[in-house]
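Asks: quick one, what's the 3D model for this:
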Amino acid sequence: EDSSSPKSSSMYLPAAGGLSGTDLGPVPPVAESVSPILLKIEEGSSVSELFSDAELSAKFEAFLAMQPSFHRSWFDFAMEVEIFRGMPTAGLARAICERFVQLDSIDTLDMDDDHRQLVEAYVADLANEDDMEEVDAGLFDEAVAFSHEQIREQLVGPFLRSVHNSAS
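Replies: Sure thing, here's the model as predicted:
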């Protein structure tokens, strides 16, 4: 194959372990054929741990900049929840709810309606709380678990096959 071809291996990585599309499936048993990102996902790593490597994080950010905003929103939400878990305050809970949970926001996530209503009701009860008042750090746990699934399905596979993840 001509190396200047758009499908050249220098521009696109083959799907890890022979996986294709956005369905990443289970991690194959041969670890050396699998991306470290996929291994971390299967081990249940948080999103921030997933991209703790500065070089990999920069490559992923460049990749994200080219993605539709609804895909990016899942990643942004997961990162905001990571910050929230470290400092679970009423102010951060309200900000996350306003940006990602409320139906009229620009980054509204497509989450389960029952969970959305529970989070909105909890946050509405915080209306009179001081911004620094500590709240339940697990408030967004169900939604962030779903966001990790969305990141895995919609972003990680395409990133692994993208020019952004090619060898430097």
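
Asks: could you say what helices and strands the longest helix belonging to the chain packs with?
Replies: When the chain is parsed with DSSP state H, its longest helix is helix 69-86. Contacting helix 69-86 under the criterion 3 or more CB pairs under 8 Å, 6 or more residues apart in numbering; DSSP states H and E are the following elements: helix 47-50, helix 54-64, helix 90-96, helix 141-151. Quick note: C-beta positions are derived from backbone N, CA and C, even for glycine.

Asks: shaky segments in the protein?
Replies: 1-52, 70, 166-168 (pLDDT under 70).

Asks: please redo it, this time with the cut-off set to 90
Replies: Applying pLDDT under 90 to the chain flags the ranges 1-76, 78-79, 82, 104-112, 115, 126-129, 131, 141-168.

Asks: grab the nearest non-local neighbour of Phe146.
Replies: Computed as CB to CB, 6 or more residues apart in numbering, the closest residue to Phe146 that is not its neighbour in sequence is Met111, at 6.1 Å.

Asks: contacting residues around the longest helix of the chain?
Replies: Residues from elsewhere that reach helix 69-86, judged by CB atoms under 8 Å, 6 or more residues apart in numbering: 46-48, 64, 92-93, 95-96, 99-100, 107-110, 137, 139-140, 143-144, 147-148, 150-151, 154-155.

Asks: list the buried residues of that helix.
Replies: Neighbour-count burial for helix 69-86 flags 71-81, 84-85 (criterion: 16 or more other CB atoms under 10 Å).

Asks: hang on, the earlier thing: did I read that right, the residue nearest to Phe146 in a strand?
Replies: No. Assigned with DSSP: H, G, I helix; E, B strand; the rest coil, Met111 falls outside any strand and is coil.
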